[in-house]
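K.L.:
here's my sequence, what's the structure:
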Amino acid sequence: LYFMANMFERSDQAYSACVDIEPNYLDAVHARGSTRIVLNRYEEAGKDFGTVIVKDQDRFFSDAYSGMVRILEANESAVPFGWDFVVNRLHSTIPQFEAAMAGQNDDRNIATLANSLRRFHHCLFVYNERKTKDYDTAWDHLTKAHEYKLFTLPGFPTGSESAKLNQIQMVFKEGFWPDGMGSSTRAPIFVIGFARSGSTLLERVLDAHSQIVGMGENSVFNGRLEGIRQRIVEASVVGDLQKLPDMTREMAEEVVAEMKERWQIQNKERALQHDDPEPARYVDKMLTNYYNIGFIHMLYPNALILHVIREPLDTVFSAYKHDFPADRLAYTCDPKVLAELYNTYRDTMDHWEEVLPGRILHVRYEDLVKDLPGVSQSLIKAAGLAWQHSVLDFDKRKQYVNTFSTTQVRKKVYTDSIQSWKHYESHLQPIRDLLGRRVKYDQVTTLPGYYKPVDTEAKEHDEL
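P.N.:
Predicted structure coming up:
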């Protein structure tokens, strides 16, 4: 419960108490390792995962290898026995699991073995990509990992994303939003975009300002969206439109109130001073809220909506290679589904630009990492706050981030991931074909007052 509530220090204490009582309680040891990754305590996390790997004779905890690889990827020196410990064990374990799977008739056991093999091959993908730079071998392991993953997933409802977009286009047309709706507050800052587009970095930069707090992956607005949608629809159906201004204002204020409550909990968890000033802005980061811009604008016509954009093939390949859990993003391992998700996202953003021109501010990931001072100052200005130089030292702040980018956002800004897809250019041609014209995204950063440095533009032109 503490971990799910982003109370990671308490989570570590609770798991440690369990391990003190029963040192061989591997569930607690493993969970503590995951917690300590978030807490940036890599050496301790490595010891936990190492303990699980050694003691888990039946290989029930295959994701302990994934945890160990995350640490090795972030800071190899934190694991004294290094990559060899993991790689040697995987090379001997994979044939055993493949043989066991071939001899199984029970569907549940087959699925369990397939999930383990997925993790094992994904670990070897990371090893070959990061450590040996053998990209062809890395691709082979990634392909095998995806094959095992797709084996366990139910079929994706093809066309479901397009159906969502059609519904949005039917409802949210130009002129849909009457005056006087929602709250005038600018407290929320909404961050949207496609998966693996750089949103966590953007949130970290904003959070480095003393008057802005990042709320993490658990969107308050999204958690209340179903109730918000239902109340608006009910009022519209019964013709009670006169109540909409007050209703939307009330719902907007309730969301902000919950944001403040969450901040107070986080404030205590991080052992900050109780007299710290209340933040002026709360970053609500839920990337798929690009579907919900219509409702966001209705409740918060003055709130900042930031759309983070990354070069399409970098975005798509980064999503393709990540082992997302079992939700809609899990299907990014399927090129056809990935293309449907990405193309529909782009179509959706085009729709909002058409019916709400200029309402969304776009932030290019490439601009953020190449011109952090310029983009950061424009971001803070757009938020209506005074500039603070500490924003540029975002990597020094003690903020615990539980995302797939957990180990990356504690580093200073780096440009290694730009054009990283080119290592797999020949392998990615089928995905490029599926993206069609969406393989390019010419949208520029639209933060007020921001101008891209000339030398940055020239460098990008040379790369093309």
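
K.L.:
so where does the closest residue in space to Val52 that isn't next to it in sequence fall, helix or strand?
P.N.:
Counting by Cβ to Cβ, 6 or more residues apart in numbering, Val52 lies nearest to Ala64, which is 4.2 Å off, once chain neighbours are set aside. (Glycine included, C-beta is placed from N, CA and C.) Secondary structure from DSSP states H and E places Ala64 in helix 63-74.

K.L.:
low-scoring stretches of the stretch 201-350 of the chain, by residue?
P.N.:
Counting by pLDDT under 70, the low-confidence segments of the stretch 201-350 of the chain come to 269-276, 326.

K.L.:
at 80 what do you get?
P.N.:
217-218, 236-241, 265-277, 326-327 (pLDDT under 80).

K.L.:
helices or strands next to the helix holding Ala64 in the packing?
P.N.:
Judged by 3 or more Cβ pairs under 8 Å, 6 or more residues apart in numbering; DSSP states H and E, helix 63-74 is in contact with helix 26-38, helix 42-55, helix 82-102, helix 107-126.

K.L.:
highest mean neighbour count out of the ones you listed?
P.N.:
helix 26-38 (a mean of 23; mean count of other Cβ atoms under 10 Å).

K.L.:
how much space separates Ala280 from Leu385?
P.N.:
6 Å (Cβ to Cβ, to the nearest Å).

K.L.:
quickly list what's touching both of those two.
P.N.:
Gln211, Ile212 (Cβ atoms under 8 Å, 6 or more residues apart in numbering).

K.L.:
distance of Trp83 from Tyr127?
P.N.:
6 Å.

K.L.:
between those two, which contacts overlap?
P.N.:
Each of Leu72 lies in contact with both Trp83 and Tyr127 under the rule Cβ under 8 Å, 6+ apart.

K.L.:
run through who's touching stretch 233-251.
P.N.:
In contact with stretch 233-251 (Cβ under 8 Å, 6+ apart) are residues Pro178, Gly180, Met181, Gly182, Ser183, Arg224, Gly227, Ile228, Arg231, Ile232, Met298, Leu299.

K.L.:
could you find the closest non-adjacent residue to the second one?
P.N.:
Among residues not flanking Gly180 along the chain, Pro245 sits closest, at 4.6 Å (Cβ to Cβ, 6+ apart).

K.L.:
is the nearest residue to Leu287 once chain neighbours are set aside in a bridge, and if so with what?
P.N.:
Nearest in space to Leu287, with sequence neighbours left out and distances taken as Cβ to Cβ, 6+ apart, is Gly193 at 5.1 Å. For Gly193, the beta-bridge partners are Val308 (DSSP bridges).

K.L.:
what sits against the closest residue to Ala382 other than its chain neighbours?
P.N.:
Among residues not flanking Ala382 along the chain, Leu447 sits closest, at 5.4 Å (Cβ to Cβ, 6+ apart). Residues near Leu447 by Cβ under 8 Å, 6+ apart: Leu361, Val363, Val375, Ser378, Leu379, Lys381, Ala382.

K.L.:
is it correct that Leu447 falls within a strand?
P.N.:
No. Applying DSSP: H, G, I helix; E, B strand; the rest coil, one finds Leu447 to be coil, outside a strand.
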